[in-house]
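1. Predicted model, plus sequence, below.
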Amino acid sequence: MAPKDRSARTRVNPLQTTLKTSVSFAGTGLHTGRATRVTVQPASAEYGIWFHRTDVSDRNPLIPARWDAVSNTDLNTRISNEDGVSVSTIEHLMAALAGCGIHNALIEIDGPEVPLLDGSSAEFVSGFLARGVRQLDAPVRAIRVLKPVTVRLGDAEVTLEPSSEFEIDFAIDFADAAIGHQEKCLNMANGAFVRELCDSRTFCRKSDIDAMRERGLIVGASVTSAVVVDGTDIVTPGGMRHIDEPVRHKMLDALGDLALAGAPIIGRYVGHRAGHAMTNRVLRALFSDPSAYELFDCDTATAGRLPGAGLKRADCARIAA
């Protein structure tokens, strides 16, 4: 008689997660200037991430956090449902969920925009790690990039290409010397997002602020919730949290927008002068070509290379207060 395969008998696929208990956040929307409260609730296996507009009663209040629900990418990411109900500036919250390895959640929000908080994902991450996550009875699935997919628009370019890891490689160029040319590449495995990116704030040039406010944008912004630069000067009190905080924030945004794929990605994201629109375009290009990707159940080794795998509360220690 052949010996029994003990490894096969004891092998268990990694499981999806959700929060152990709900957590709430309150603040002001960057573009609307409206005070908003968000409560992230635990959800069951295979639920995914959905937003629920609790202030909407005359139409469908549920909106899927998915790439094909993206309806606007002008300075933020907005998702909408078929009834026109929308939620904007979701990218920092989505990045925190992805970076903490949370696969399922119902996000209740009493307004049209996620609050900006300090302009980063730090408060969301702190809240999630304080509550903790629990496993659910379904395997973790991931999207493997099988061949390069590239989108271009003017000077902006994004490529998703095959890799055994999930990596983000980003480069930016700004005329303001306080920013200039910055580039960074990170393997996003384990707690890299929490340790390296989550406290990096959104940024803008002082010369752009008045123009955007004339368009009815960023009315909820302040120098304490964004890095504001003016030529060689950093207007924000205390300066930058990292010498390359702007490119780190671009990587944070990219993770949040990639989280709309509906599952973690195994592949390499390469962005140059890119933003929300380009990341959504590359996801649309990827999913329009069935030969460019595959959805698969993660084994232990693969799951260990995803954002949030093995993350501990101590990984949050470096997050700016």
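-> Structure received. Numbers count the residues shown, from 1 in each chain.
2. how much space between the closest residue in space to Val145 that isn't next to it in sequence and Asp169?
-> Leaving aside its sequence neighbours, Val145 sits nearest to Gly267 (CB to CB, 6 or more residues apart in numbering; 3.1 Å). Placement of C-beta: from N, CA and C, glycine included. Separation of Gly267 from Asp169 (CB to CB, to the nearest Å) stands at 11 Å.
3. residues in contact with the nearest residue to Gly27 once chain neighbours are set aside?
-> Once flanking residues are discounted, Gly27 sits nearest to Pro115: 3.0 Å by CB to CB, 6+ apart. Under the criterion of CB atoms under 8 Å, 6 or more residues apart in numbering, the neighbours of Pro115 are Phe25, Ala26, Gly27, Thr28, Gly29, Ala35, Thr36, Arg37, Val38.
4. Take those and keep only those in strands.
-> Among the contacts of Pro115, the members falling in strands (DSSP state E) are Phe25, Ala26, Gly27, Thr28, Ala35, Thr36, Arg37, Val38.
5. sorry, back to before: neighbour-wise, which of Gly267 and Asp169 wins?
-> Neighbour count, other CB atoms under 10 Å: between Gly267 and Asp169, Gly267 has more, with 27 against 18.
6. contacting residues around that one?
-> Ile143, Arg144, Val145, Leu160, Glu161, Pro162, Ser163, Phe166, Glu167.
7. What remains of these if I keep only buried residues?
-> Neighbour-count burial (16 or more other CB atoms under 10 Å) applied to the contacts of Gly267 gives Ile143, Arg144, Val145, Leu160, Glu161, Ser163, Phe166, Glu167.
8. quick one: the last one and Ala192 touch, right?
-> I take that to be Glu167. No. With contact defined as CB atoms under 8 Å, Glu167 does not reach Ala192; the gap is 9.7 Å.
9. what about the stretch 101-250 of the chain, any weak spots by pLDDT?
-> Filtered on pLDDT under 70, the stretch 101-250 of the chain yields the residue ranges 210-224.
10. How much space separates the closest residue to Lys250 other than its chain neighbours from Glu82?
-> Leaving out its chain neighbours, the residue that sits closest to Lys250 by CB to CB, 6+ apart is Phe170, at 5.2 Å. Distance of Phe170 to Glu82, computed by CB to CB: 33 Å.
11. so where's the longest helix in this protein?
-> Counting residues, the longest helix in the chain under DSSP state H turns out to be helix 245-258.
12. Which strands border the helix or strand just after that one, and is each parallel or antiparallel?
-> Of the helices and strands lying after helix 245-258 in sequence (DSSP states H and E), the nearest is strand 265-272. With DSSP bridges as the test, strand 265-272 is paired with strand 141-145 (parallel), strand 156-161 (antiparallel), strand 166-173 (parallel).
13. what comes into contact with the second one?
-> Among residues not part of strand 156-161, those counted as contacts by CB under 8 Å, 6+ apart are 145, 147-151, 265, 267-275, 278-279, 281-282, 286.
14. and the angle for that strand with helix 245-258?
-> Strand 156-161 and helix 245-258 are oriented at 60 degrees to each other (axes from the mean of the first three to the mean of the last three CA atoms, to 10 degrees).
15. quick revisit: any of the ones in strands among the contacts of Pro115 buried? List them.
-> Applying 16+ other CB under 10 Å to the ones in strands among the contacts of Pro115 flags Phe25, Gly27, Thr28, Thr36, Val38 as buried.
16. could you list every residue that touches the third one?
-> Looking back up the chat, that one is Thr28. Contacts for Thr28 (CB under 8 Å, 6+ apart) come out as Arg34, Ala35, Thr36, Pro115, Leu116, Gly220.
17. quick one, helices of the stretch 1-150 of the chain?
-> With helices called from DSSP state H, counting those that start in this stretch, the stretch 1-150 of the chain shows them at 6-10, 91-99, 122-131.
18. Which of these has the highest mean neighbour count?
-> Comparing those by mean neighbour count (mean count of other CB atoms under 10 Å), helix 91-99 comes out on top with a mean of 28.
19. re the thing from before, lowest-confidence one in the buried ones among the ones in strands among the contacts of Pro115?
-> Confidence by pLDDT is poorest for Thr28 among these, given 91.
20. How many neighbouring residues does Thr21 have?
-> 11.
21. State the distance from the closest residue to it other than its chain neighbours to Pro139.
-> Spatially, and ignoring its direct neighbours in sequence, Thr21 is nearest to Arg131 (5.1 Å; CB to CB, 6+ apart). The gap separating Arg131 from Pro139 is 23 Å, by CB to CB.
22. got it, and Ala43?
-> According to CB to CB, Ala43 and Pro139 sit 16 Å apart.
23. who has more neighbours, those two?
-> Neighbour totals were compared for Ala43 and Pro139, and Ala43 leads with 20 against 17 (other CB under 10 Å).
24. And the strands in the stretch 201-321 of the chain?
-> Assigned by DSSP state E, counting those that start in this stretch, the stretch 201-321 of the chain shows strands spanning 203-205, 227-230, 233-234, 265-272, 293-297.
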